[in-house]
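**Student:** What would the 3D arrangement of this be:
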Amino acid sequence: MGAERVNRSMLGKLGVVTVLMFAFGYGLVPLYRTLCEVTGLNVLALTEQEVPGLKAGSPSNSQVDESRTITVEFDANTRGPWEFKPAKRSVDVHPGELTTVMYEFQNVQNRRMSAQAIPSYAPMEAQAHFNKVECFCFNQYTLNPGEKKVWPVVFVIDPKLSKDVKTITLSYTFFEVGGKVPPAPVAGADSVKSSRGV
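**Tutor:** From the prediction side, this is the model:
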């Protein structure tokens, strides 16, 4: 009889903990929204031009090194029958500046497929200083036949990057999940020229 009472008591406690965990998880969404509005953290995924309420006279990010400009070139490679390309071929950015570039993808097959991208950088030393805040390469995606997607890459180049680096090539290879994972491409001038439709 004592063991049954202990089990009921434990079951009751576990039930209360489960309800509290569910309530906490459910309450995180409005809590996160409120926190973002109060602190302004939600602007991380936006460029300064897209931030609502930012006035022209507002102080700019003091960590941006406006004395330097780096050209970032975008390359797209595919391992399969689909279309994948950057919306822009290149952008000029200052180290420390938050930048957003879109990539376009379309499944041109007559079947569903799942795919993921892997990035590579040239020169190699740029990889440690190329900080992606948001990137489609973090996830796998499933697309229906003919489905199109547009994904952002939001990045900041660390001002500690060597001043000798004037150009960085960010190269992505998109491959079907479940197949053999291809090696990361060697980004460079030749791979940029071979980019499809860019």
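**Student:** if I read this right, residue 142 contacts residue 107, doesn't it?
**Tutor:** No - assessed by CB atoms under 8 Å, residue 142 is found out of contact with residue 107, at 9.2 Å. All C-beta spots, glycine's among them, are computed from the backbone N, C-alpha and C.
**Student:** Which one of the two is surrounded by more residues?
**Tutor:** Neighbour totals were compared for residue 142 and residue 107, and residue 107 leads with 25 against 11 (other CB atoms under 10 Å).
**Student:** So that one is in contact with residue 174, correct?
**Tutor:** No - using CB under 8 Å, residue 107 is not in contact with residue 174; the gap is 10.5 Å.
**Student:** list the residues that contact both of the two?
**Tutor:** The contact sets of residue 107 and residue 174 overlap at residue 82 (CB atoms under 8 Å, 6 or more residues apart in numbering).
**Student:** how about stretch 149-158: buried residues?
**Tutor:** Using 16 or more other CB atoms under 10 Å as the test for burial, stretch 149-158 gives 151-157.
**Student:** pLDDT averaged over it - what is it?
**Tutor:** Averaged across stretch 149-158, pLDDT comes to 91.
**Student:** Can you show me the helices along the protein?
**Tutor:** 2-39, 189-193 (DSSP state H).
**Student:** Compare those and say which comes out lowest on pLDDT.
**Tutor:** Looking at the helices of the chain, the bottom one is helix 189-193 with a mean of 43.
**Student:** Chain neighbours aside, what residue packs nearest to residue 172?
**Tutor:** The shortest distance from residue 172 to any non-neighbouring residue, by CB to CB, 6 or more residues apart in numbering, is to residue 117 (4.5 Å).
**Student:** I am finished for the moment; much appreciated.
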